[in-house]
Structures are given as C-alpha cells and as structure tokens.
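# structural data only, the sequence is not supplied:
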C-alpha cells in the first residue's frame, strides 16, 4: 500500500488536509489517522497539493505517421510530467483514425507504449477530407468522440448528418470551428498586428460564424456538441447564450489563448504560430470572463508538437501548433491563480472533474474505490521553463524562459508512479 500523508487534498470541490491510502490500483481510503501496516510506503505530502490526475481531451500524439514530431511513448511521458493521467488523441494522423482497423492498430500501440490513459477521437469524415462520413456505428465503441480537428467541417449538410448519426450512438461531436472561406489563407489574427505588418490575417468570423452554424444544427438535432479551442469574444457569447437555452453544448479553451494575445507575438518566432491564432486582448479578456462565469467548461492544451526544423521555416511556412502538456498547470497557476484572476479550485476543476463529467470518464475525482490517478504538486517551487527538460519531442512553445511556480512532483496512474520530478 501507499500512504500519501498530510497533503492538501482536492475532494468535493475544495482542498482539505487529509491522507490518501492506495491499495493496488485503487484509492482505499481518504481521511485522517488511516490504518496502515509496516509494509506501507509513506509519501510525505505536507505543504503539497494532491489533486486528481489532470485530463486533457485534446492532444495530438502524431502516431502513426508523424513520429518525427511525437510518439505515443514520448507524448504520454510529456503528459505525465505535466500531471496529466488521461489524454484523448485527435485523429489527424497518417493514416487518419477513420476506420475500426486503424483504431485497433493504434490501441495496440497504446497498450505497449503509453504511460498514461489514452483515449482516441475518431474522424468525422474519411481522411478528414470533408467529403464522405465515416462509419460512426462501427467506430463508436472505440472512440471518446468524433472530430475533424485541424479543419472545420465545411459542408453544413454533412455536419447535420454527422450530428444525427452521432446522437443515436450517444457520442459527442468535438468541432474545430473554422470557415475556410473566411480565414484568408492567413497565419496570424486579422487585427492591428496583421495590418501593421501587411500580412494576411485569420478573421474572427472564420471561427464564430461556423460555431453559430453548428449551434443552429444542435437546435435541430439535439446532438451533444463540444467546441474545441474557442478563441474569440463572439464565440464565448454564442456558447453562453446556447447554454441559457439549455442546448447540450460545451467548450474548451487553451492556456495560450488565456495568457497571450496578438500583441505578444514575436513575428520572428514561429512558436507563436497556432490555430486558432492568438487573438486580440479584448478576446483574451472575454475568454477569461468565460472561465470565471462557467461559460467555458474545461481547459485543453491542444498539444501540437512539431520538429524544430519545421518551426525554423519562418512564420509564414511553419506549421501551426505549440507543445502544451508540460507547461499547462504551472503557467495557469502562476499567471492566473497567483494573480487572483481565478481560484485554484476552479483551475483544478477545469482540469479534472469537468472533463471527466463531460466525456463520461470514471477518473477525475479522488474518492475511495476510484482508480488511484493523482498528482502531487509543490505550490511554492519555482522554476524556469526550459524546453531541454521536455519529455515531448516537440520543443515548440512561446513560453520558453517563463518563470513559474507550482511544480509537478509525482504523477500516479492506477497507483503506479509514472513521473517523479526533482
């Protein structure tokens, strides 16, 4: 058995000074003065936070097809280092996760290579081409949800048919909202910076107009719908109003969209290039308000690692995306919680309880009888983000050099230690 002793444990929405006793893969008890024996391994957690393992429903593990960027092994080690015990991988691999055979193949790799729990999202359209729907029924038993992430579903009729089919299978659509006719072939936000530099910008309308279309389809079909990585003030308001109507909708936001805006971009550093792009400061503040008032349900990293040579091509030619699993908690704890923008409880809830509830996962909560997926964090430890410490193959982050507090010390999955920091 393992006894985690004296930590501030997150239970029932608040932190309490308690002990956690683990037997095998499960939590046996949470409380004080727990009964143990001489063989029990004791972890001193005094002054530390003990939370459920974090859950990220939106990552790109790149395998199969792009293992120069990331692998299941390296990506899940990165997840463990960031305190994530469960991740859900997007289907934009090669081959695309669009049929049962490739899902089985990837599941076998996960079984052999992953150090955290990995779920898969299946594609909405074959090859992510937006032309023919996948066989949803054949894939439903193997996926968490369905997404063409990386591209929006451009055809409204196709999205409506997808919603109708997925609803009947009790699954969720996780939508990348982007009307490609409105993105101008751009690579930063269409705003003051793009105009000043005289370069193409991605309009806010490319996101919120497709989201508005999809919400109309939800009204028609009643399908469960999750908006990925929202980035605009208009998108926040659309989700807010949809929830007031009682529609079955949810959404996520990334750490980078909460902490950075287009005024922070170094146009000579392609690590600032992601999709959706960093938006205006007004958009960023609207996202924060959405986090505070509950409009935005969860935080997801959209972890999108790339090889250094790809990001070295320059802003215009480099691929979109940043590596986010290893920096998520510490950045948000340092620059939102410690700055008084949101509470620690709200941050932990958005990384654990909320994603578990939305996607029907058994983890995300610490209580007796549950899987022992948990994280021990030193809230006082200070460090500087150094990409050479990353376990991910992707070193592409605009947060390199940032000073943070809140260091992940240990990550346990099913009672097994999968990461131990210094």
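Thanks, I have it. Just so we're clear, the structure is a prediction, and the values are computed from it rather than from any experiment. Residues are numbered from 1 along each chain as shown.
# could you list the domains of this structure?
2-49+370-392+400-420, 53-359 (automatic domain parsing).
# which of those domains sits most buried?
domain 53-359 (a mean of 20; mean count of other Cβ atoms under 10 Å). From N, CA and C alone the C-beta is placed, and that goes for glycine too.
# okay, the domains of the chain in TSV with mean pLDDT next?
Listed next are the domains of the chain as TSV, based on pLDDT from 0 to 100:
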stretch	mean pLDDT
domain 2-49+370-392+400-420	97
domain 53-359	98
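# which outside residues touch the helix or strand harbouring residue 234?
Secondary structure assignment for residue 234, by DSSP states H and E: helix 233-245. Helix 233-245 has contacts (Cβ atoms under 8 Å, 6 or more residues apart in numbering) with 177, 204-205, 207-208, 211-212, 215, 218-219, 227, 230, 249, 251, 282-283, 286-287, 289-290, 293, 295-296.
# grab the nearest non-local neighbour of residue 400.
Excluding its sequence neighbours, the residue lying closest to residue 400 (Cβ to Cβ, 6 or more residues apart in numbering) is residue 387, at 5.3 Å.
# phi and psi next, for the one you found.
Residue 387 adopts backbone torsions of phi -60, psi -20, taken as degrees, to the nearest 10.
# quick one: contacts for it?
Applying Cβ under 8 Å, 6+ apart, we find residue 387 in contact with 395, 397, 400.
# so which of those sit within helices?
Using DSSP state H, no member of the contacts of residue 387 falls within helices.
# and of those, the nearest to residue 12?
Nearest to residue 12, judged by Cβ to Cβ, of the contacts of residue 387 is residue 397 at 34.2 Å.
# quick check: the closest one touching residue 323?
Yes. Between residue 397 and residue 323 there is a contact at 5.3 Å, judged by Cβ atoms under 8 Å.
# for residue 376, pull up the helix or strand it's in.
Under the criterion of DSSP H and E, residue 376 resides in strand 374-384.
# other residues contacting the helix or strand that comes right after that strand?
With elements assigned by DSSP H and E, the helix or strand that comes after strand 374-384 is strand 403-413. The contact list for strand 403-413, computed with Cβ under 8 Å, 6+ apart, reads 22, 43, 48, 53, 80-85, 115-117, 327, 329-331, 333-334, 337-338, 372-385, 417-421.
# ok, now stretch 257-268?
Defining contact as Cβ under 8 Å, 6+ apart, one finds that stretch 257-268 is touched by 188-189, 191-194, 197, 229-231, 272, 276-281, 283-284, 287-288, 291, 299, 315, 331-332, 335-336, 398-399.
# one more time with 6 Å, if that's ok
For stretch 257-268, contacts defined as Cβ atoms under 6 Å, 6 or more residues apart in numbering pick out 189, 191, 193, 231, 272, 278, 280, 281, 284, 287, 315, 335.
# narrow those to those in helices?
Counted as lying in helices by DSSP H, out of these, are 193, 281, 284, 287.
# now, which of these sits nearest residue 140?
Checking the ones in helices among the contacts of stretch 257-268 against residue 140 by Cβ to Cβ gives residue 287 as the nearest, at 31.9 Å.
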